[in-house]
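Student: how would this look folded up:
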Amino acid sequence: MQRLRKRWWLMVLPVAILAFTAGSILVAADGRSAIEKKFDRITTGMTKDQVSEIIGQDPDPETLHKIAPLGLPGVEPPSVDSCWTIDNEAVVMCQFDRKNRIMEKALTSLVYRRSMIDRIRDWLGLW
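Tutor: Alright, predicted model coming up:
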């Protein structure tokens, strides 16, 4: 009988460890950053105050002047009314209508994240 108990624990323990590990990975691997989650909460029709509440700060007028159009031929730069910088990593840009409600929104990254291939090329001294 005692052998059966030992065998039972030997079967249950690995399964429990595997389930705990898989659950931890699924919870941690949401795939979206905190910045993207904040951006997703911003919806059409919100006011500047509502956006500021989600982001946690008021719009930054300096950011609006720093953002320059890319200068692509035939492409009109977006009309942006307000910008919020998040953690010096991203900028949320919003265009508002006459009632001060969001018509359009955009998220752009301020940090260039190099791909794995780019890092390998740098390491090997290619390009």
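
Student: now do the helices in this structure.
Tutor: For the chain, helices defined by DSSP state H occupy the ranges 2-28, 34-41, 48-55, 61-66, 116-124.

Student: any chance of JSON lines for the ones you listed, columns mean pLDDT and mean neighbour count?
Tutor: Quick note: C-beta positions are derived from backbone N, CA and C, even for glycine. What follows is the helices of the chain, written out as JSON lines (pLDDT from 0 to 100; neighbours: other Cβ atoms under 10 Å):
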{"stretch": "helix 2-28", "mean pLDDT": "69", "mean neighbour count": "9"}
{"stretch": "helix 34-41", "mean pLDDT": "88", "mean neighbour count": "15"}
{"stretch": "helix 48-55", "mean pLDDT": "92", "mean neighbour count": "16"}
{"stretch": "helix 61-66", "mean pLDDT": "70", "mean neighbour count": "12"}
{"stretch": "helix 116-124", "mean pLDDT": "78", "mean neighbour count": "10"}
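
Student: now distance to Thr108 too, for those, in a markdown table please.
Tutor: Below are these laid out as a markdown table (distance: least, Cβ to Cβ, whole Å):
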| stretch | distance to Thr108 |
| --- | --- |
| helix 2-28 | 26 |
| helix 34-41 | 10 |
| helix 48-55 | 14 |
| helix 61-66 | 11 |
| helix 116-124 | 20 |
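
Student: nearest to Asp97, out of those?
Tutor: With Cβ to Cβ, the closest approach to Asp97 among the helices of the chain belongs to helix 48-55: 11.8 Å.

Student: please name every helix or strand in contact with that closest one.
Tutor: helix 34-41, strand 82-86, strand 90-96 (3 or more Cβ pairs under 8 Å, 6 or more residues apart in numbering; DSSP states H and E).

Student: in CSV, list these along with distance to Pro14.
Tutor: Formatted as CSV, the helices and strands packed on helix 48-55 follow (distance: least, Cβ to Cβ, whole Å):
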stretch, distance to Pro14
helix 34-41, 34
strand 82-86, 42
strand 90-96, 42
